[in-house]
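Novice: All I have is the shape, not the residue letters:
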Ligand SMILES: [Cu+2]
């Protein structure tokens, strides 16, 4: 018995019509999703870092923006805050980052050795640290408090011990601490 | 017409043996990092285990299943003796040699780089060479599938290629091309460093190469499952394939759009610009299309079976389905897990939503639901369905088979749902242990405990699966008859050339990959000063 014998030409047409309808719905769903992502990206400005920046990890200790004395948080003239940090096996420097609440913050970070990641729990801040490249993340905290910041990427045997901290403090308090113009951190506090 | 049954059985048995090994490691890992296990005094053992688990589950197990199933399809769908049997055995032994060569340094702690490699971490060179051998062995299979189809075409000019073989060859081409990304990373970047010929490596470029493989490989794992949906399930439950051409279109779409989307794995990486991230995100949305088409076609095919059995009404037919048939059960479980996993995948696909769960336990939950759940449960179903034809003996433990499938489904849900939850809370993946005494982490302890329990349910199910197959080797003999695939409601007498050949689609796949990957790869390769010193694992 072959299928063609038992079914009329009409049923094939019905099948084709239903199929086409479903295919159309499927295409609409997919295009809709892509448009939604584009809208969210452009309208809410939540797009990935636009520029690829590189840095030589074997020289970051010696010169440039990631020398040790330049790591931590700094209050810029326009009131924004820039945080610079590096990840290395198996810690972040600084291990505790202090930032003010309700302030636009730019975090610039890189790795000194292997691939690491920064994830701040309870937020959408999540980026990879790839040696040789600089990661930039824009952020803004709406609540003060302490946040855990684990390394989210496997970086060899000590990976499970690589936890940093983010301390979000009052704006005035931060401005006060930043008066000297130095680089702030909350290491040891 | 299954002639080379020993060859096919060898692939399946090796696949399920390594699967049992990796499954045991997986359960142990979940136990050890949960609050019910005691902490390891040496966390490095965890990463050894994790590397072995991922390498076996990611490369060895699905490849062997696809190969064994592919040989079975070639012989039974084409009704033609396998051409190149000697080569097929060569491929098999290459995989055996490669798997051993890779696992020994891992066991010795000299290659704890996980199956995703992570340069500039560099492990023992034999680990990478082992992986290369596994891939080379599987490429022999790719060539054999193409050759067997060509031989058949010569003998049947213009005839429609049987759907199962059409899909099987599409899957093999997808694999051949997707493996190129990791092969380039290994051959051009990692192995020279591991062998001591070079001391630096561009980690960013390596991650882009790997993303070329890392996403499409999932669709390679998926192919046997989709072939089973279309060509085994409807026959096994007494139905018909709703549409032969829809099936072909789905497989073609997988071939074309599964490839150039892997950069969604680098959404959080600094070495890829925003433009290519958006392009890959949009293409990722596109790959939902063949799955949506498949869900529709398979549901319609199942409905046909139900109505043939006397099912009535808008939804009443669902009750008329043969729910005691293991194939029906496996399909239903697979679809549920595919639904949840797919929904999670749509979240990962979007740059904006991905940021909240990138590299957390959510991701582990997502791909265990898709691969370990939706895909592997159909591997079980494929084995159950083929076994009597391969062994000439009946599988008698039908109740046990049902229990095994139920356990796998329940175990997978209990394992992965809590993972999704702690992922949203920001629990990072790939950690040997957590300090649940820390008040900030303590709330996650209960979820992690559930996952560990799920892991042991999965282990129990896996053991049952192997026992059922082993018992099937000594069951009473039956004449299983020729192995057949499901027929379509309108079985095509002719098929348009575009739906009967692969050349056009393979060309499109390659062109799309080159447009979506070419520019970023070339720019990264030409950027100076981004190579960093290698960090050798276990060198001290
Ligand atoms: Cu790290």
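Specialist: Everything's here; your move. Just so it is clear, the model here is predicted, and its values are computed rather than measured. Residues are numbered from 1 along each chain as shown, chains lettered A, B, ... in the order given.

Novice: My guess is residue A:54 contacts residue A:135. True?
Specialist: No: using CB atoms under 8 Å, residue A:54 makes no contact with residue A:135, being 11.4 Å away. The C-beta positions use only the backbone N, C-alpha and C, and glycine is treated the same way.

Novice: Quick check on those two: which one has the bigger neighbour count.
Specialist: residue A:135 (24 against 18; other CB atoms under 10 Å in any protein chain shown).

Novice: now the more buried one: how far from the ion?
Specialist: 13 Å (CB to the ion, to the nearest Å).

Novice: Can you name the residues that contact that residue?
Specialist: Counting by CB atoms under 8 Å, 6 or more residues apart in numbering or on different chains, residue A:135 makes contact with A:49, A:107-110, A:118, A:127-129, B:270.

Novice: For it, pull up the helix or strand it's in.
Specialist: strand A:133-139 (DSSP states H and E).

Novice: list the buried ones in that strand?
Specialist: Within strand A:133-139, the residues scored as buried using 16 or more other CB atoms under 10 Å in any protein chain shown are A:133-137, A:139.

Novice: what about the helix or strand just after it, average pLDDT?
Specialist: Sequence order places strand A:145-150 as the next helix or strand after strand A:133-139, per DSSP H and E. The pLDDT scores in strand A:145-150 average 94.

Novice: what does stretch B:117-124 give?
Specialist: For stretch B:117-124, the mean pLDDT works out to 91.

Novice: Is the ion within reach of it?
Specialist: No: contact of stretch B:117-124 with the ion (CB under 5 Å from the ion) is absent, the minimum separation being 10.5 Å.

Novice: That stretch spans what distance, first to last residue?
Specialist: Using CA to CA, to the nearest Å, the end-to-end distance of stretch B:117-124 comes to 11 Å.

Novice: next one: stretch B:191-209
Specialist: In stretch B:191-209, first residue to last residue: 14 Å (CA to CA).

Novice: average model confidence for it?
Specialist: On average, stretch B:191-209 scores 92.

Novice: Pretty sure residue B:375 sits against residue B:226.
Specialist: No: counting by CB under 8 Å, residue B:375 stays clear of residue B:226, with 9.3 Å between them.

Novice: Look up how far residue B:290 lies from the residue in the stretch 401-540 of chain B positioned nearest to the ion.
Specialist: Using CB to the ion, the closest approach of the stretch 401-540 of chain B to the ion is made by residue B:428 at 9.4 Å. Computed as CB to CB, to the nearest Å, the residue B:428 to residue B:290 distance reads 32 Å.

Novice: where does chain A have its least confident helix or strand?
Specialist: Across the helices and strands of chain A, mean pLDDT, DSSP states H and E gives its lowest value to helix A:3-6, namely a mean of 43.

Novice: if you average pLDDT over the following helix or strand past it, what comes out?
Specialist: Sequence order places helix A:9-43 as the next helix or strand after helix A:3-6, per DSSP H and E. The average pLDDT within helix A:9-43 is 79.

Novice: which helices and strands sit right next to helix A:9-43?
Specialist: Counting contacts by 3 or more CB pairs under 8 Å, 6 or more residues apart in numbering or on different chains; DSSP states H and E, helix A:9-43 packs against helix B:274-286, helix B:288-308, helix B:326-349, helix B:351-357.

Novice: ok, now with 10 Å
Specialist: Counting by 3 or more CB pairs under 10 Å, 6 or more residues apart in numbering or on different chains; DSSP states H and E, the packing neighbours recorded for helix A:9-43 are helix B:244-257, helix B:274-286, helix B:288-308, helix B:326-349, helix B:351-357.

Novice: got TSV for these, with mean neighbour count, distance to the ion and mean pLDDT too?
Specialist: Listed next are the helices and strands packed on helix A:9-43 as TSV, based on neighbours: other CB atoms under 10 Å in any protein chain shown; distance: least, CB to the ion, whole Å; pLDDT from 0 to 100:
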stretch	mean neighbour count	distance to the ion	mean pLDDT
helix B:244-257	24	34	91
helix B:274-286	20	23	84
helix B:288-308	21	33	89
helix B:326-349	20	22	93
helix B:351-357	20	18	84
